[in-house]
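**Student:** when you get a sec, could you give me coordinates for this:
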Amino acid sequence: GMRETWRRNPQMMANATMSRIAFSVMALGWKGFVYGPGILFLAYSFQVAVNIFRGRDSLQFTSAALQMMITATLIPIPFYAWPGLELLFAPSGMQPMFYIIGFTFAVGWVSSSFRDKPWLLVIISGSSLFGSILALLFILQGADLYNGWDILFTGGFYFSKNKIFGTIGEAQAPDRGVLFASYGPIVAIIAICCAFVLLWRGSRRNKSGLTLLGLWTIIATYMAWTAGRFIINATPAMAVVGGIGISMLWSSANFSGFTKVWRNSGIGTPRSRFRSIWPASKARPGVPAMIMVILMISSQHATFGIDSGIPRGEQSAYEVDQSLYDIAPDILRHEFVVPLLDWGFSAMNSESYKPGEAGLWYMGTFGPSFNSQGWNEAYDWLSQQDSEQEFSERPAFVSWWDYGFQALASGQHPTVADNFQSGIPNSGAMLLSAGQEDTISLFIATLAIGDRKLNDGEMSEEFRNVLDSFMSVPQVNEFDPIMSNGDRGFVLD
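**Tutor:** Model prediction:
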């Protein structure tokens, strides 16, 4: 099928290959790249389901999907298979991608092999196949033989709420106000509503591009709703589909009809041109409504743009915030008390404006944050130390997430925690240790684990000589079985 598709439609297959090369580049810098192919797989499955109901062939569609999936897997495989990372079959590495390829092949096989069969038979056959696969994964999970069920439904544990992800600020659900403000509240609402419209039109008119845009926006919105890290990933979808939605609303407002009624009402003099706006607005209310929407969008995004350009903590943010507060007349903030009732009302927030105590009202949500000069000087000093040694041989220090990444890049020294999460438990335990003795013990145990891993589960002679220099013979004899025992009950006892 793929060979025939290359012969009949080489442009589509070439575009599929180039698109997956882009995903491969992303895979070399971020192991969570699988979410992109996952969205495309859902869009592909939805379109295939529509084709089954309509009796259309999905072979070329399947060939392009498999071309994309396989290309995105083959290019980064050498990097993920490197023994130092061991991410090729890791649940949070390349393994979810193998699931996506397998399910793409299965969906394509069912839809193509049973193309001329009644759609009900195809649905039953496909459901039986995928139900059997899911049932097998569930049984293996329940028997503690293979955790494929969790890998499949948590994106390789990328959406699971485990202990490591509990320490990541961007993995938590964002504040809803920040979420919608990141795209503009009106633009976000328009984009989400337009996504369902595009999904409907794509399925009705057999336009897979509209289907992809609709599903992309809906899935990206869900991901951003569950974790703050995905806000940036949903930005392109919100911008594109939000723009499409605004264009659709503007077209439906019938601006040409508004202009026609306005001209027919009389435009001979400036006074008549102004007075003709009212009958035109009554006849075509969509135009003034759209103008109000555009004004609100412009004002919101102008405010967010100013906020994004001011570094956090700068005095200018307080000055702009004060200026925005002073725009509204005081009477709009006055609270009018209702006689005989224990409540009042005001058009705007009537609370006292004290940004120094309660924080800014309008600014401070966005904006970059930078280190103070002291941090920069410290990193510069650290980068000049141990310059005679290779980078990997320099003394490493315990770090925590993005602070460690910055220190590694600016300080030119290795850190314990890295961006593939392989050092988080150790660095977290060290940072939370009760004292120096606990820290040293953790360092010794961590070094022993690494030494045993490099020497087939046994301590090397060199490492034993170092232990003999600081421990007695009974202590070394006790330390060895502790490190080699894999029974959790041994530690608890």
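
**Student:** now the helices: where do they sit in the stretch 1-150 of the chain?
**Tutor:** Taking DSSP state H, counting those that start in this stretch as the test, the helices found in the stretch 1-150 of the chain are 2-8, 10-27, 35-54, 59-74, 77-80, 95-113, 119-142, 148-153.

**Student:** is it possible to get TSV of the ones you listed that adds mean neighbour count, distance to Pro425 and mean pLDDT?
**Tutor:** C-betas here are computed from N, CA, C, even on glycine. Formatted as TSV, these follow (neighbours: other Cβ atoms under 10 Å; distance: least, Cβ to Cβ, whole Å; pLDDT from 0 to 100):
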stretch	mean neighbour count	distance to Pro425	mean pLDDT
helix 2-8	13	43	79
helix 10-27	16	25	83
helix 35-54	19	24	82
helix 59-74	21	29	83
helix 77-80	15	22	85
helix 95-113	18	21	84
helix 119-142	13	23	82
helix 148-153	17	19	74
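
**Student:** so how far is Gly257 from Arg263?
**Tutor:** Distance from Arg263 to Gly257, counting by Cβ to Cβ, to the nearest Å: 11 Å.

**Student:** got it, and Ile232?
**Tutor:** 40 Å.

**Student:** then Ala65?
**Tutor:** Per Cβ to Cβ, Ala65 is found 44 Å from Gly257.

**Student:** next one: Gly305
**Tutor:** Distance from Gly305 to Gly257, by Cβ to Cβ: 34 Å.

**Student:** those two: who's more crowded?
**Tutor:** Gly257 (14 against 10; other Cβ atoms under 10 Å).

**Student:** the helices in the stretch 251-400 of the chain, which residues?
**Tutor:** Using DSSP H, counting those that start in this stretch, helices in the stretch 251-400 of the chain cover 255-264, 270-275, 277-283, 286-309, 315-327, 355-358, 373-383.

**Student:** find the least confident helix or strand in the protein, judged by mean pLDDT.
**Tutor:** helix 488-492 (a mean of 62; mean pLDDT, DSSP states H and E).

**Student:** which intervals of this protein have sub-threshold pLDDT?
**Tutor:** 1, 155-167, 339-342, 399-403, 416-424, 486-493 (pLDDT under 70).

**Student:** at the geometric centre of it, which residue sits there?
**Tutor:** Nearest residue to the geometric centre of the chain (Cα atoms, centre = their mean): Phe230, 2.3 Å.

**Student:** contacting residues for that one?
**Tutor:** Residues in contact with Phe230 (Cβ atoms under 8 Å, 6 or more residues apart in numbering) are Tyr35, Ala220, Met223, Ala224.

**Student:** distance check, it against Lys260.
**Tutor:** For Phe230 relative to Lys260 (Cβ to Cβ), the value is 46 Å.

**Student:** contacts only, for the residue nearest to Trp149 when sequence neighbours are not counted.
**Tutor:** Leaving aside its chain neighbours, Trp149 sits nearest to Gln141 (4.0 Å; criterion: Cβ to Cβ, 6 or more residues apart in numbering). Residues near Gln141 by Cβ under 8 Å, 6+ apart: Asn147, Gly148, Trp149, Asp150.

**Student:** now with 10 Å?
**Tutor:** Asn147, Gly148, Trp149, Asp150, Ile151, Leu152 (Cβ atoms under 10 Å, 6 or more residues apart in numbering).

**Student:** ok, the residues you listed vs Ile246, which is closest?
**Tutor:** Nearest to Ile246, judged by Cβ to Cβ, of these is Leu152 at 37.4 Å.

**Student:** my read: Pro329 touches Ser346, true?
**Tutor:** No - assessed by Cβ atoms under 10 Å, Pro329 is found out of contact with Ser346, at 11.8 Å.

**Student:** and the two? Which one has more around it.
**Tutor:** Ser346 (13 against 10).

**Student:** with adjacent residues omitted, what lies nearest to the more buried one?
**Tutor:** That would be Glu335: by Cβ to Cβ, 6+ apart, it lies 4.4 Å from Ser346.

**Student:** distance of that neighbour relative to Ala181?
**Tutor:** Counting by Cβ to Cβ, the gap from Glu335 to Ala181 is 26 Å.

**Student:** again with Ile327
**Tutor:** Distance, Ile327 to Ala181, using Cβ to Cβ: 19 Å.

**Student:** check Ala280 too.
**Tutor:** Taken as Cβ to Cβ, the span from Ala280 to Ala181 is 34 Å.

**Student:** Met12 too?
**Tutor:** The value you get for Met12 to Ala181, if Cβ to Cβ is used, is 39 Å.

**Student:** and if you look at Trp250?
**Tutor:** 23 Å.

**Student:** and of the helices of the stretch 1-150 of the chain, who's closest to Lys207?
**Tutor:** helix 35-54 (9.5 Å).

**Student:** that closest one: how far from the chain's middle?
**Tutor:** 20 Å (Cα atoms, centre = their mean, to the nearest Å).

**Student:** do the same with stretch 462-471
**Tutor:** Counting by Cα atoms, centre = their mean, stretch 462-471 comes out at 46 Å from the chain centroid.

**Student:** who touches stretch 208-217?
**Tutor:** Under Cβ under 10 Å, 6+ apart, the answer for stretch 208-217 is 36, 39-40, 42-48, 50-51, 61, 64, 188, 191-205, 207, 234, 236-238, 240-242, 244-245.

**Student:** can we see that at 8 Å?
**Tutor:** 39-40, 42-43, 46-47, 50, 61, 191-192, 194-203, 234, 237-238, 240-241, 244.

**Student:** got the CA positions of that stretch in PDB?
**Tutor:** As requested, C-alpha coordinates have been extracted for stretch 208-217 and formatted as PDB (Å, rounded to 0.1, in the frame of the first residue of the first chain):
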ATOM      1  CA  SER A 208      -9.400  15.900   6.800                       C
ATOM      2  CA  GLY A 209      -7.600  19.300   7.300                       C
ATOM      3  CA  LEU A 210     -10.600  20.800   9.100                       C
ATOM      4  CA  THR A 211     -10.900  17.600  11.200                       C
ATOM      5  CA  LEU A 212      -7.300  17.800  12.200                       C
ATOM      6  CA  LEU A 213      -7.600  21.500  13.200                       C
ATOM      7  CA  GLY A 214     -10.700  20.800  15.300                       C
ATOM      8  CA  LEU A 215      -9.200  17.800  17.100                       C
ATOM      9  CA  TRP A 216      -5.900  19.500  17.500                       C
ATOM     10  CA  THR A 217      -7.500  22.400  19.300                       C
END
